[in-house]
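Trainee: predicted model and sequence follow; I will ask about them next.
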Amino acid sequence: MDIHPGHSGRLVVVFLQDLYQTTCRPHEGTPAMHHPSAVPLVTRVDASTGALVGRTGRYEKRLRDLGGVYADQDAFSARLAVDPDELIYVVEEHRPSEQPGDLIHGTSTLYPGTIGDEYHMTRGHLHAIADRAETYHCLSGHGLLLCEELDGTTSIAELHPGEIAYVGPHRIHRSVNVGDEPFTTLFTYAADAGQDYEIIATAGGMAKLIARADDAASRWVSVDNEAYRGR
């Protein structure tokens, strides 16, 4: 993957697909491997909005879609009564295939705000094929990658523009916006990875919550999730 600076806050992301147009036979008697294209695939990213030109898919998560994600259910219900259609985050992606060896890339834009004391967050997931890793390149905003091993051990990567977080195999992870602007990341992961969302829900959430800090300079603090039941 090559990332080149573009114009007006845009990035040009070039994923070089295999240059073989038809077949490749590395050893005598080995079956031919077919390759879809000889042409590099180019998508364009607006770093300020997360818009992905050349996407194959897009989805939104609104407040009404996030029941059970936040610890303070009273605060969630109160917000839901006011504006159930509030947009919390948007994902745009280019998915060339779901075949092993291929790559999916896209953007996640998480809007600022809090529910009770908790910052806005994504649902989070473990990859369905759990040994698949993922990278997140922060394009704009200020956020965290909250990562958790299956035993509840937690690690946190704080991201500002230009920084990249590597989420290794067997790590549950979610994005959290701790800033005042949209938190936009460019992600890449294996096309066959899939997502397991229920592993978080059935455990009562992740082991740690990200909340507003009393100290304004710190902005955020990690606290124990009292509803966490383990796995």
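Mentor: On my side now, so go ahead.

Trainee: remind me, longest helix of this structure?
Mentor: Ranked by number of residues, the top helix in the chain under DSSP state H is helix 73-82.

Trainee: show me the shaky parts of the chain.
Mentor: Counting by pLDDT under 70, the chain has low-confidence residues at 1-40.

Trainee: now the helices for it?
Mentor: Taking DSSP H as the test, the helices found in the chain are 73-82, 198-201.

Trainee: now for Ala211, how many residues are close by?
Mentor: Other residues near Ala211 number 19, with proximity taken as other Cβ atoms under 10 Å. C-beta: built from backbone N, CA, C; applies to glycine.

Trainee: is it in contact with Asp117, as I believe?
Mentor: Yes - with contact defined as Cβ atoms under 8 Å, Ala211 reaches Asp117; the gap is 4.2 Å.

Trainee: what about the residue nearest to Ala130 when sequence neighbours are not counted, how many neighbours?
Mentor: Counting by Cβ to Cβ, 6 or more residues apart in numbering, Ala130 lies nearest to His170, which is 5.0 Å off, once chain neighbours are set aside. A count of nearby residues for His170, using other Cβ under 10 Å, gives 13.

Trainee: ok, His170 to Lys208 distance?
Mentor: 17 Å (Cβ to Cβ, to the nearest Å).

Trainee: before we move on, the earlier item: how about the helices of the chain, which one is nearest Ser48?
Mentor: helix 73-82 (26.0 Å; Cβ to Cβ).

Trainee: now that closest one, how far from the centre of its chain.
Mentor: Centroid displacement of helix 73-82 relative to its chain, using Cα atoms, centre = their mean, to the nearest Å, is 25 Å.

Trainee: what does stretch 106-121 give?
Mentor: 12 Å.

Trainee: in it, what counts as buried?
Mentor: Across stretch 106-121, burial judged by 16 or more other Cβ atoms under 10 Å covers 106-112, 114-121.

Trainee: just checking, which of the residues you listed belong to strands?
Mentor: 106-110, 114-115, 118-119 (DSSP state E).

Trainee: using CSV, lay out the residues you listed together with distance to Leu144.
Mentor: CSV is the format used below for these (distance: Cβ to Cβ, whole Å):
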residue, distance to Leu144
Gly106, 19
Thr107, 17
Ser108, 13
Thr109, 15
Leu110, 10
Thr114, 14
Ile115, 16
Glu118, 12
Tyr119, 8
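
Trainee: for Asn177, state which of the residues you listed is nearest.
Mentor: Of those, the one sitting nearest to Asn177 (Cβ to Cβ) turns out to be Leu110, at 4.5 Å.

Trainee: which other residues reach stretch 202-218?
Mentor: 69, 71, 114, 117-119, 121, 124, 144, 146, 148, 152-154, 156, 172, 174, 176, 178, 200, 219-225, 227-231 (Cβ atoms under 8 Å, 6 or more residues apart in numbering).

Trainee: which parts of that stretch are buried?
Mentor: Neighbour counts over stretch 202-218 (16+ other Cβ under 10 Å) mark 203, 205-212 as buried.

Trainee: mind putting these into CSV with distance to Ser97?
Mentor: CSV is the format used below for the buried residues of stretch 202-218 (distance: Cβ to Cβ, whole Å):
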residue, distance to Ser97
Ala203, 32
Gly205, 33
Met206, 31
Ala207, 35
Lys208, 35
Leu209, 37
Ile210, 34
Ala211, 40
Arg212, 42
